[in-house]
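> Pasting the sequence and the predicted model now:
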Amino acid sequence: MKWKRPLFLAHRWAGIVLCAFFVLWFVSGIFMMYVDFPQLSRSERLASLPRLDFSAARLTPSEAVSRLQASDFTVVGAPSRNLALELKDAAAPLPAIASVRLTMLMGRPLYIISIEGPAQPRAVFADTGELLLPTHAAAALAIATDFATRAYRDRRVSPRYQESLQTDQWSVSSGLNAHRPLHLITVGDAGGTELYVSSSTGEVVRDSHRTERVLNYFAAVTHWLYPTVIRRYPEVWAWMVDVLAAAGALLAVSGIWIGLLRWKRRSQPGKSSIPYRGLTRWHHITGLAFGLFTLTWVFSGLLSMNPASLNPSRTPSTVEAMVYSGKPLTPADFALPSFNSSEAIEAELMHYDRHPYYRTTLRDGQVRLLSAIAGASAPRPSTEAMLERVGRLMPQARVQDTRAMTVFDNYYYTRKPENGSRPLPVIRVRFDDAQRTWFHLNPTTGEVMERSTRTNRLFRWLYNGLHSFDLLWLWERRPLWDIVVITFSLGGFALSLLGLIGAVRRLRVELGLARRIPTALR
């Protein structure tokens, strides 16, 4: 029986550790309802970008791409260090172009070019054809100063260069891998604003403010297990979250099961159904009231990591995207851009019905298509034109129905519509294939935005529905959503805290008794 005591102690210690994480997760979850992780908001970005002026441009997009070689795309960014891709053939042709963006950098027109795959983008100046070299400290400071002057006009700013870094607490996101290493600049305003400048494209890609940095230690840093020392290594971080979430789910299941068994066994007429006193009694009560919520919360948190890639990608395939684009991105189709008379601040190359367009973003966030061939008759996307082709998205299946949407619903929604990630109106197309596939189409730009299967929609409920109560009816009736989420979070917090206290007390008693029992009798 010598194995029983180590096993018991291991189980007790595991319960203590997991309950401690539960306590932190519930508290930090409440903070996360109101505190976002630092990011460059769309409004700040739109306010900071200068008017897109390509009057000095001499290179077409195709000529800019021709200045690059496969060897220019060999750097892959990572939070710990940048990696170098092995190039087997130095004379290999340039891989397929994924995107070409047009922007301004320090008063000069610039093409930012990305290829398919994880390699960092490269930038080519449109006036001279000069390749943008990795941004140095002086240039980063000048770029940040220009950004701050535009974005924070109501503040007194005096930017100062701090350091070049691979990652820190506020730049651990994988979305910044394309820009590492980063230059950190303090703005010098009253809000303690800091800016991160990309070394690969020269853009300001993130900002943070003193208040959100402080509050995020109680929010995302705790909730997502985001300390830099862990998040710097994504594989280790993902493994740690998976293990803790899975163990937490098992702990919640066992706790609910034991609680129900004890409640039923002692239920007699005239006697309490709960066979405990003091804190243990309250732990049992909160377990019966909030145990199921705790289980669904930690289980849905595990699903956020998409274990075993059970939730398929929502990105349309190349073939599906080409139903409306008509062809792959072909920079040779695009004439020299001119945006002098427009309110465009950024543009990107795209095709619709084989015709080249510049998809431009205006200062107010609206998106407009400008023909990339001057004077040419160009087909324009519309709801009617897109509906004519929906059958080509899945020729092997039948279109079940189509719907033009002007408002959000439970499957197409966003909590922050101002970010522009989910534009309206959209067209929803549903097919009758085995996976009941849906597509969302953008009639403004003529693009296939996303596809979803029955599995995707199930995950939407198991993760977003259970984890953050993303129910449109509830969300549209705030503060009712806040009251419901906070109530259940506080219940889960109380359950976890009482379990933690009880486990610590019990462990101390057991260890104390064990010391007093002779070894021969154990």
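Received it, and whenever you're ready, just let me know what you need.
> Could you pull out the buried residues of the longest helix anywhere in the chain?
With secondary structure taken from DSSP state H, the chain has its longest helix at helix 480-516. By neighbour count on 16 or more other CB atoms under 10 Å, the buried set for helix 480-516 is 481-482, 485, 488-489, 491-500, 502-503, 507. For the C-beta atoms, the positions are set from N, CA and C on the backbone; glycine is no exception.
> Same check on stretch 200-213?
For stretch 200-213, a neighbour-count test (16+ other CB under 10 Å) marks 200-208, 212 as buried.
> can you give me the strands for the stretch 1-150 of the chain?
For the stretch 1-150 of the chain, strands defined by DSSP state E, counting those that start in this stretch occupy the ranges 75-76, 83-84, 97-105, 108-115, 122-125.
> Any chance of those strands in TSV with distance to residue 166 and mean pLDDT as columns?
As requested, the strands of the stretch 1-150 of the chain are arranged in TSV below (distance: least, CB to CB, whole Å; pLDDT from 0 to 100):
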stretch	distance to residue 166	mean pLDDT
strand 75-76	13	96
strand 83-84	12	93
strand 97-105	23	96
strand 108-115	21	97
strand 122-125	19	97
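> nearest to residue 55, of these?
strand 108-115 (8.3 Å; CB to CB).
> Can you tell me which helices and strands the closest one packs against?
Other helices and strands packing on strand 108-115, by 3 or more CB pairs under 8 Å, 6 or more residues apart in numbering; DSSP states H and E, are helix 61-66, strand 97-105, strand 122-125.
> Pairing partners for the second one, with directions?
So that's strand 97-105. Strand 97-105 sits in its sheet next to strand 108-115 (antiparallel), strand 344-352 (antiparallel), going by DSSP bridges.
> Show me the contact partners of the last one.
Translated: strand 344-352. With CB atoms under 8 Å, 6 or more residues apart in numbering as the contact definition, strand 344-352 has outside contacts at 46, 49-52, 61, 99-103, 324-327, 329-331, 333-334, 337, 339, 356-363, 368-370, 372, 379-381, 445-447.
> Of the residues you listed, which belong to strands?
Of these, the ones assigned to strands by DSSP state E are 99-103, 356-362, 368-370, 447.
> Would you state the helices of the stretch 201-350 of the chain in chain order?
For the stretch 201-350 of the chain, the helices defined by DSSP state H, counting those that start in this stretch occupy 210-216, 220-223, 228-231, 234-265, 278-303, 318-325.
> Which among those is found nearest to residue 83?
Closest of the helices of the stretch 201-350 of the chain to residue 83 is helix 234-265, at 12.5 Å (criterion: CB to CB).
> ok now the closest one, how far from the chain's centre?
Taking CA atoms, centre = their mean, to the nearest Å, the mean C-alpha location of helix 234-265 is offset from the chain mean by 26 Å.
> swap in stretch 88-98?
30 Å.
> go on, stretch 485-497?
Distance of stretch 485-497 from the chain centroid (CA atoms, centre = their mean) equals 26 Å.
> Any stretches of the chain with poor pLDDT?
Applying pLDDT under 70 to the chain picks out residues 1-12, 90, 264-272, 340-342, 510-522.
> same thing but 80
Within the chain, the ranges that satisfy pLDDT under 80 run 1-15, 88-92, 154-155, 261-277, 339-342, 374-377, 420, 506-522.
> on that earlier part again, between the strands of the stretch 1-150 of the chain, which one is nearest to residue 154?
Closest approach to residue 154 among those (CB to CB): strand 97-105, 22.6 Å.
> tilt between the closest one and strand 355-362?
Per axes from the mean of the first three to the mean of the last three CA atoms, to 10 degrees, the angle that strand 97-105 makes with strand 355-362 is 40 degrees.
> Check the separation of the first and last residues in stretch 429-444.
Using CA to CA, to the nearest Å, the span of stretch 429-444 from its first residue to its last is 16 Å.
> meant to ask about stretch 457-466
13 Å.
> Can you list the neighbours in contact with it?
296-297, 299-300, 303-304, 306, 310-311, 411, 438, 452, 470-471.
> gap between that stretch and the chain center?
Relative to its chain's centre, stretch 457-466 lies at 16 Å (CA atoms, centre = their mean).
> and that stretch, which residues are buried?
Neighbour counts over stretch 457-466 (16+ other CB under 10 Å) mark 459-460, 462-466 as buried.
> and if you look at stretch 96-112?
For stretch 96-112, burial by neighbour count (16+ other CB under 10 Å) applies to 97, 100-105, 108-112.
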